[in-house]
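> My questions are about this predicted structure, shown below with the sequence.
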Amino acid sequence: MADHVPLPGSERAATVGAKRGPDRLPDEVVEVTVTLAGPELPEPAPGDALSREQLARDYGADPETIRKVSEVLAGFGLTVQAASALTRSLRVTGTVAQMEAAFRPNLATYISPEQGDFRGREGELQVPAELKGLVTGAFGFDQRRVARRRLGATTTAAQPLSPAQIASHYEFPGGDGTGQTVAIAEFGGGYFASDLSAFCAKQGTPVPNVTPVGVNGTPVLTLAQIEQLPTQEQQEQLDDSVEVNMDVQIIAGLAAGAAIVVYFSSFDEKGWVDLIDQVIEGQPVSASTLSISWGLAEDDPDWSKGAVQAIDQRLQAAAAIGITICAAAGDDGSADQETDGRAHVDFPGSSPHVLAVGGTMLDGDTDVVWWQAPGERTSSGGGATGGGVSTIFPRPSWQDVSIASLNSGSIDGRVVPDVAALAGPPYYDLIFMGKDSPNGGTSAATPTWAALLAVMASTAATPWKPSFLAPLLYQAEPGGTSVGAAGCTDVTSGNNTSSTLGKGYSAGPGFDAVSGWGVPDGTALLTALNSVA
C-alpha cells in the first residue's frame, strides 16, 4: 500500500449523542466529491463579473492535476464519474474497501437518536503521499446532517402580508423578474406544485416556471411519495417541505415573471459542495441569484474545517461570476443553537462571499429587529434573527464597519447580516398542503431579497447589471453616502439576545449586527446601484 499523509482540515469529531456501531460492509458502494487545489480565487469587488470560461481558465484546476489525481485514485480501483476544472471537483465512486485503501476513513454505522442510523467517521482522512497538495478535501464519507432549519410554532393575531403588500412595503421597483432565473437550495422535503397553484390563484399572480432538480441523484419528492414513508421519516420530510414551499411561493409572489430552479441535495457536507458546484456550472440553466435558507453555526463541531473551506471557496467562485447568493442569518438569535456560552453566527451566512440576510418584524408599519421570546425557536414558538461577528472569517476589506464581537479575544470577523427583511409577525401569507399557513423566519427574508434582485435586474433601462451585491452596499455613492444606507431603510430598534446566551447584539442608527444596513427600499436601492454602475 502506498504511503499516506494526513489531509488538512478533514478531522471530524463524533456527532454529539451518536454511538459508533459496526464497520460498514466492504462491498458497499460509496461516492465522494474530491476537491482539487487551484490558484487563489479573486476576492469579490465592485465591477464586471468573470465569465465561466475565464474562471475555469484562470482559476480552475489544472488539467495535469486532474489527470494525476484521477490516475492515482484509479490505482486503488476507484472510478472518476465526473471531473470539472471549473469547480475543481472530481466525483469518485468505489467500494468501502477501495475507499479505505485510498483515504483511510475508518467508516462505520453511527446510531443517533436525532438522525437515526447513518454512515460516518471520526478523526482525519489520509491521502496517498503523491497527492499531497493536490487534493484539498474529500466529502461524502460522513452523512451526518449539517443543513438545518429548526421549525417553531408560528402564530399571528394579525393578517399575514400578501406578496403585493410586501412589495409595496419594501418599495419594489417596476418589473416582475422576467428574463431572470432564481435558484433555491434545499436539503430535504418536497415541492408541492398544487400548493403553488393554489397560492398563485389566491394572490392573483401567474404560476411561474418551476424546475425541480435532484443533485447527483437526490430524489425530488412529491407529497404522494412522502405520504408513503414511515411515520417518523414522513414527518421529517413534511417539516422540511414547509421550507421548500415557502421559498418557492415567496419568490413566485414577488417576482412572478422569473423562472425558478429548485435544487434538492443531501443534507451532509457533500450535498452542500455538489449543489453549489451545479449552480456554478449553470446546470440546467444559469441563475443570477441563489437563495439559501439553511445553515448551521459556523463553528459547530459537526462541520469539518475542510468542508467550511471548500464550501466557501465555491461561494467565492460563484461571486466571481456575478452570482449573488443570499443566505439566511439564522432564526435562533445570538447563540445560533449552540450552548457553550459564546455568541455564534450561521454558516454559510457568515461567508464574506454571500449576501447575509437578517430578520425584522413590524411594529405598526415600522420594521424592528425580529425577536420573540425566548429569542430562539422552540416547539411552542419564539425566534430571533441571527447576527454578530464571525470567529472564522476575517472582516473583508470592503466591509468597512466597526462592530466588536461579544466573544472576548475574538478576531475582527465578518459582520452578519448585510441586510434584513420581514421574518416575524405578521409573517407571510402562504399555503401548505392546501391550507393557509403563515410563516416566516430569516428563511423567508432571504428569498424576499432574492426576488428583489430578480425584479431589479428585469427593470428596463438600468445600467446596473446583476453581480455579487454585498460589496456594492458598502461602496460610496458619488455624494458620499453608502449604497446600503441610500438603498435601505434603517432599522434602529431591537436586539437578538437568545435566552441560551443571555446577551446579544443591538440595532442602532446606521449599520449594525442584527439588521445590517436595514430593510430594502427597492426603488432607492436600484437608483443607488445605478449611480455606481
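Cool, the structure landed. Numbering: from 1, shown residues only.
> C-alpha only now, for contacts and for neighbours.
Will do.
> any low-confidence regions in the stretch 101-250 of the chain?
150-157 (pLDDT under 70).
> Run through the strands of it in chain order.
108-112, 116-120, 126-128, 135-139, 181-186, 210-214 (DSSP state E, counting those that start in this stretch).
> how about those in TSV, adding distance to Ser51?
Listed next are the strands of the stretch 101-250 of the chain as TSV, based on distance: least, CA to CA, whole Å:
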stretch	distance to Ser51
strand 108-112	42
strand 116-120	38
strand 126-128	33
strand 135-139	24
strand 181-186	17
strand 210-214	23
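> out of the ones you listed, nearest to Ser334?
Closest to Ser334 of the strands of the stretch 101-250 of the chain is strand 181-186 (CA to CA; 24.1 Å).
> re earlier: pick the most deeply packed of the strands of the stretch 101-250 of the chain.
Sort the strands of the stretch 101-250 of the chain by mean neighbour count, taking mean count of other CA atoms under 10 Å, and strand 181-186 sits at the top with a mean of 26.
> just so I know, which of the strands of the stretch 101-250 of the chain lies nearest Gln234?
strand 116-120 (13.6 Å).
> Sketch out the low-pLDDT regions of this protein for me.
1-2, 47, 150-157, 460-461.
> out of the strands of the stretch 101-250 of the chain, nearest to Pro417?
Of the strands of the stretch 101-250 of the chain, nearest to Pro417 by CA to CA is strand 181-186, at 19.0 Å.
> by contact count, what packs against the closest one?
On a contact count with 3 or more CA pairs under 8 Å, 6 or more residues apart in numbering; DSSP states H and E, strand 181-186 meets helix 231-254, strand 259-264, strand 289-292, helix 442-458.
> Redo those as a markdown table? Include mean neighbour count and distance to Asp418.
As requested, the helices and strands packed on strand 181-186 are exported to a markdown table (neighbours: other CA atoms under 10 Å; distance: least, CA to CA, whole Å):
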| stretch | mean neighbour count | distance to Asp418 |
| --- | --- | --- |
| helix 231-254 | 22 | 20 |
| strand 259-264 | 24 | 24 |
| strand 289-292 | 28 | 15 |
| helix 442-458 | 28 | 11 |
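> about what we covered before: among the strands of the stretch 101-250 of the chain, which is nearest Glu243?
Comparing these by CA to CA, strand 181-186 comes nearest, at 8.1 Å.
> what's next to that closest one, contact-wise?
Strand 181-186 has contacts (CA atoms under 8 Å, 6 or more residues apart in numbering) with 244, 247-248, 258-265, 275, 279, 285-294, 450-451, 454.
> pull the CA atoms of that strand into CSV?
Provided in CSV are the C-alpha atoms of strand 181-186 (Å, rounded to 0.1, in the frame of the first residue of the first chain):
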residue,chain,number,x,y,z
THR,A,181,-33.7,32.8,-13.1
VAL,A,182,-33.7,32.5,-9.3
ALA,A,183,-32.2,29.3,-7.9
ILE,A,184,-33.2,27.9,-4.5
ALA,A,185,-31.1,25.5,-2.4
GLU,A,186,-33.0,22.7,-0.5
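> can you give me the angle that strand makes with helix 442-458?
170 degrees (axes from the mean of the first three to the mean of the last three CA atoms, to 10 degrees).
> how much does strand 181-186 deviate in direction from helix 231-254?
Using the same axes, to 10 degrees: strand 181-186 against helix 231-254 is 160 degrees.
> Can you list the strands that strand 181-186 pairs with?
strand 259-264 (parallel), strand 289-292 (parallel) (DSSP bridges).
> After the first one, heading C-terminal, what element do we hit next?
For strand 259-264, the following helix or strand on the C-terminal side (DSSP states H and E) is helix 269-281.
> quick check, distance from that following helix to the centre of its chain.
Between the centre of helix 269-281 and the centre of its chain there are 11 Å (CA atoms, centre = their mean, to the nearest Å).
> Stretch 413-424 too?
13 Å.
> Go ahead and confirm Ile311 touches Gly271.
No: under the criterion of CA atoms under 8 Å, Ile311 makes no contact with Gly271, lying 10.2 Å away.
> which of the two has more neighbours?
Gly271 (25 against 22; other CA atoms under 10 Å).
> which residues touch that one?
Phe187, Val215, Ser265.
> before we move on, the earlier item: now the helices and strands packed on strand 181-186 in a markdown table, please, with extra columns for distance to Ser168.
Below are the helices and strands packed on strand 181-186 laid out as a markdown table (distance: least, CA to CA, whole Å):
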| stretch | distance to Ser168 |
| --- | --- |
| helix 231-254 | 10 |
| strand 259-264 | 22 |
| strand 289-292 | 21 |
| helix 442-458 | 12 |
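> what's the closest of these to Ala158?
helix 442-458 (17.4 Å).
> Please name every helix or strand in contact with that closest one.
Against helix 442-458 (3+ CA pairs under 8 Å, 6+ apart) you get strand 181-186, helix 231-254, strand 289-292, strand 324-328, strand 355-363, strand 419-422, helix 522-532.
> Which residues does stretch 396-409 contact?
45, 342-343, 352, 388-389, 411-415, 471, 474-475, 504-505, 511-513.
> if we can go back for a sec, let's have the strands paired with strand 181-186 in JSON lines, adding distance to Thr93.
As requested, those are exported to JSON lines (distance: least, CA to CA, whole Å):
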{"stretch": "strand 259-264", "distance to Thr93": "21"}
{"stretch": "strand 289-292", "distance to Thr93": "28"}
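> wait, Cys200 sits on Val248?
No: contact criterion CA under 8 Å: Cys200 and Val248 do not qualify, at 11.0 Å.
> Identify the residues contacting Phe172.
Leu452, Val455, Met456, Asp521, Gly522, Thr523.
> mind running it again at 10 Å?
Residues in contact with Phe172 (CA atoms under 10 Å, 6 or more residues apart in numbering) are 164, 166, 254-255, 451-453, 455-456, 520-526.
> and of these, the nearest to Ser379?
Ile166 (27.1 Å).
> Excluding sequence neighbours, find me the nearest residue to that closest one.
Leu254 (7.9 Å; CA to CA, 6 or more residues apart in numbering).
> Tell me if I'm right that the one you found and Ala450 touch.
Yes: under the criterion of CA atoms under 10 Å, Leu254 makes contact with Ala450 at 9.5 Å.
> Look up how far Lys465 lies from the residue nearest to Ile166.
19 Å (CA to CA, to the nearest Å).
> Pull the contacting residues for the residue positioned nearest the centre of the chain.
For the chain, Ile292 is the residue whose C-alpha lies nearest the centre (CA atoms, centre = their mean; 3.5 Å). Neighbour list for Ile292: 183-187, 247, 325-329, 348-349, 354, 356-357, 443, 446-447, 450 [criterion: CA under 10 Å, 6+ apart].
> give me every residue that touches Ala56.
Per CA under 10 Å, 6+ apart, neighbours of Ala56: Leu50, Asp62, Ser84, Ala85, Leu86, Thr87, Arg88, Ala317.
> from what I can see Thr339 touches Gly502, true?
No: when contacts are counted by CA under 10 Å, Thr339 is not listed as touching Gly502 (11.0 Å).
> neighbour-wise, which of those two wins?
Neighbour tally, Thr339 and Gly502, criterion other CA under 10 Å: the higher count belongs to Gly502, 15 against 11.
> shouldn't the more buried one be in contact with Ser334?
Yes: in terms of CA under 10 Å, Gly502 counts as a neighbour of Ser334; the distance is 8.7 Å.
> what residues are shared contacts of Cys200 and Val248?
Pro208.
> Tell me how far the closest residue in space to Gly137 that isn't next to it in sequence lies from Leu86.
Nearest residue to Gly137, sequence neighbours excluded (CA to CA, 6+ apart): Thr35, at 4.9 Å. Noted for Thr35: a distance of 11 Å to Leu86, by CA to CA.
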